[in-house]
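# Here is my input; please provide its structure:
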Amino acid sequence: MTQAETGNTVKVHYMGMLDNGEVFDSSEGKDPLSFTIGRGMLIKGFENAVVGMEVGDKKEFTVDPDEGYGERNEDLIIDISREDIPSHIDVSPGQRLQIQQPNGEAISVSVADLNEEKVTLDANHPLAGQELKFKIEMMEIA
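This is a model prediction of the structure:
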């Protein structure tokens, strides 16, 4: 049997869960996830886990933040004036927004908190700082 290695394009079915068992992503009811190992298309811990698997293999593993979405960075949490939010945008906690940085690059942020005067925005990835648990099944290796 062929084992998955760097450079192979693979297809896997997967389920990603948080420590509390909450499913944050899954291929259930969809086509398997297809990616090329080593291209950095997915988090490092996920890519590393498929290396050595054969078609039909199933695996459960945990990805620490350093091989996932990184640790939370408090420097990525900022307060802006409520007046800086366009009036046609009705913000609420947990809402995802795109903001443009001074260099023109757009970044995704979530509304962490708000009051009458300010809106607290968090540019950390929603899964930053979390240990992620995965169940995967190798479907195809090319």
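
# and Met53, how many neighbours does it have?
21 (other CB atoms under 10 Å). Bear in mind the C-beta positions are built from the backbone N, C-alpha and C, glycine included.

# can you pull out the strands in the protein?
Using DSSP state E, the strands of the chain run over residues 9-17, 23-26, 33-36, 58-63, 77-81, 96-100, 106-114, 118-122, 132-141.

# pLDDT averaged over the longest one, what's the number?
Read that as strand 132-141. For strand 132-141, the mean pLDDT works out to 98.

# Return the alpha-carbon coordinates of that strand using PDB.
Extracted C-alpha coordinates of strand 132-141, given in PDB (Å, rounded to 0.1, in the frame of the first residue of the first chain):
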ATOM      1  CA  LEU A 132      -7.800  21.000  18.400                       C
ATOM      2  CA  LYS A 133      -8.900  17.400  18.200                       C
ATOM      3  CA  PHE A 134      -9.400  15.700  14.800                       C
ATOM      4  CA  LYS A 135     -10.700  12.400  13.600                       C
ATOM      5  CA  ILE A 136      -9.700  11.700  10.000                       C
ATOM      6  CA  GLU A 137     -10.000   8.900   7.400                       C
ATOM      7  CA  MET A 138      -7.700   8.700   4.400                       C
ATOM      8  CA  MET A 139      -9.800   8.300   1.300                       C
ATOM      9  CA  GLU A 140      -7.300   8.800  -1.600                       C
ATOM     10  CA  ILE A 141      -3.600   9.300  -2.200                       C
END
